[in-house]
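**Student:** Okay, structure incoming, though there's no sequence with it:
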């Protein structure tokens, strides 16, 4: 009995919950038996975070997309992989530009070709017709009834102007002609209209221009008193001559048959027409009957 009691004392005492050695142990075979120490829960997650919060796998029995499952990403975790950025589109920062319709592009192209066609047509016509501006030449220029006693002033001017049409294929129609008489560059003395006329190809004619000024005639603008005084001083000077400027504006049409016509405004400047008077009379003419060429602008 003593030995039996002693053997029992030397056998390890079973703790509560410990598996029995008689084969009634419910623990599965191959697993270590529990000891008296507290059960081990595994290693804690990195950085001291609660288990499973940053695990890339869902807990057992839960699908991958269950609520609260972060798939291993968290913005608070500085070393976690950032979520994919939204796709950058180069037009996202700019408003969409309106597209030019095919109709507008067709209109622009048509206008472009129309301008090119017109330019080419004008060039071809110019090469064929070669239009030239008529030439003007003062043949005679006389002054009569000249009286410059301030403030009254009277005078008449008569000019014969030769006009040449150098064109071989173009007729020239002078539809409206306005004539101006100036003293000392820009002091207007008189205005009038000349008779319209036609010049055939390679033809010349003489255009007559007649002007008159009378300060006592209130139907027309009078000449300033200071201009009259200057003309009187020049008339009574040792030279006794006065210089006038004849200028003409012509509204002209160049025409070739019935298929081509061009309207042009021509300006003619017949400058520095020096008139010498006969004694104390108010009649004068070009000094030495010297004719003068005119400058033409078109």
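**Tutor:** Happy to help now that I have it. This one's a predicted model, so the numbers in the text were calculated from it and none came from an experiment.
**Student:** Could you use CA atoms for every contact and neighbour count after this?
**Tutor:** Noted.
**Student:** So what sits opposite residue 155 in the bridge?
**Tutor:** Listed beta-bridge partners, residue 155: residue 213 (assigned using DSSP bridges).
**Student:** Surely it touches residue 210?
**Tutor:** No: using C-alpha atoms under 8 Å, residue 155 makes no contact with residue 210, being 11.0 Å away.
**Student:** list the buried ones in stretch 139-158?
**Tutor:** Residues of stretch 139-158 classed as buried by neighbour count (16 or more other C-alpha atoms under 10 Å): 139-148, 150, 152-158.
**Student:** Any idea how far apart the tips of it sit?
**Tutor:** For stretch 139-158, the first-to-last residue distance is 11 Å (C-alpha to C-alpha, to the nearest Å).
**Student:** ditto for stretch 233-243
**Tutor:** One end of stretch 233-243 to the other measures 13 Å (C-alpha to C-alpha).
**Student:** Stretch 118-137 too?
**Tutor:** Taking C-alpha to C-alpha, stretch 118-137 runs 35 Å from one end to the other.
**Student:** just the helices in the stretch 151-298 of the chain please.
**Tutor:** Under the criterion DSSP state H, counting those that start in this stretch, helices of the stretch 151-298 of the chain are mapped to 225-235.
**Student:** Count residues in the vicinity of residue 104, would you?
**Tutor:** By the other C-alpha atoms under 10 Å criterion, the neighbourhood of residue 104 contains 10 residues.
**Student:** and if you look at residue 200?
**Tutor:** The number of residues packed near residue 200 is 17, by other C-alpha under 10 Å.
**Student:** Point out where the stretch 151-298 of the chain drops to low pLDDT.
**Tutor:** By pLDDT under 70, the low-scoring segments of the stretch 151-298 of the chain are 217-221.
**Student:** quick one, phi psi at residue 259?
**Tutor:** For residue 259, the backbone dihedrals are phi -110, psi -10 (criterion: degrees, to the nearest 10).
**Student:** correct me, but residue 291 touches residue 137?
**Tutor:** Yes: with contacts counted by C-alpha under 8 Å, residue 291 reaches residue 137, the gap being 7.4 Å.
**Student:** In terms of helix, strand or coil, where does residue 113 fall?
**Tutor:** Using DSSP: H, G, I helix; E, B strand; the rest coil, the secondary structure recorded for residue 113 is helix.
**Student:** repeat for the one 10 residues further on
**Tutor:** Secondary structure for residue 123, judged by three-state DSSP, is helix.
**Student:** how many neighbours does it have?
**Tutor:** Other residues lying near residue 123 total 12 when counted by other C-alpha under 10 Å.
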